[in-house]
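Chemist: turn this into a model:
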Amino acid sequence: GINDTGLVMENGSGLSRLERISALQMAGLLQAGLRSKWAPEFQSSLPIVAVDGTMRKRLPNSPAATRARLKTGTLRDVVAVAGYVPDATGQMCVVVAMINSDEIKNGKGRAVLDALVDWVARSGQPT
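Modeler: You can find the predicted model right below:
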């Protein structure tokens, strides 16, 4: 049920300038992953924020730490995250963000993505 218009998969690694996927398509894939009978295995394949993989040193003081599972992506002038972030009530949220800009240098793009993940993890709290 995911619209594959414009989707291009060269080798599936994500390390190609030829591959194309929209944030909406990626979100659809992640939502399908939540509904799958293999959801636990799929989620366990993603790095845990502040624990392992490419997310090991990120967001250690955020409520996302040890709770969110996110895959990162980096190419020249591109940073991205995609995965699952439980909000403050425990509701699982699909998060996909991709920034394609020469302004992401010096960690600026990563800081924006981390702020988004932190905001999602804090959302849902009673005011």
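Chemist: could you use CA atoms for every contact and neighbour count after this?
Modeler: OK.
Chemist: name the nearest residue to the residue nearest the centre of the chain, ignoring sequence neighbours.
Modeler: Compute the mean C-alpha point of the chain, and by CA atoms, centre = their mean the closest residue is Ala82, 1.6 Å away. Excluding the flanking residues, the one nearest Ala82 by CA to CA, 6 or more residues apart in numbering is Val96, at 4.3 Å.
Chemist: what ranges do the strands span in this structure?
Modeler: Using DSSP state E, the strands found in the chain span residues 69-75, 78-86, 92-100.
Chemist: residue contacts, the residue nearest to the centre of the chain?
Modeler: 26-27, 70-72, 94-97 (CA atoms under 8 Å, 6 or more residues apart in numbering).
Chemist: about what we covered before: run a quick neighbour tally on the residue nearest to Ala82.
Modeler: 24 (other CA atoms under 10 Å).
Chemist: same check, this time on the one 3 residues further on
Modeler: The number of residues packed around Ile99, counting by other CA under 10 Å, is 17.
Chemist: present the contacts of Ala82 as TSV; the columns should include pLDDT.
Modeler: Output for the contacts of Ala82, formatted as TSV (pLDDT from 0 to 100):
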residue	pLDDT
Met26	94
Ala27	96
Leu70	98
Lys71	95
Thr72	94
Val94	97
Val95	98
Val96	98
Ala97	98
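Chemist: any weak-confidence spans in this protein?
Modeler: Within the chain, the set of residues satisfying pLDDT under 70 comprises 12-15, 125-127.
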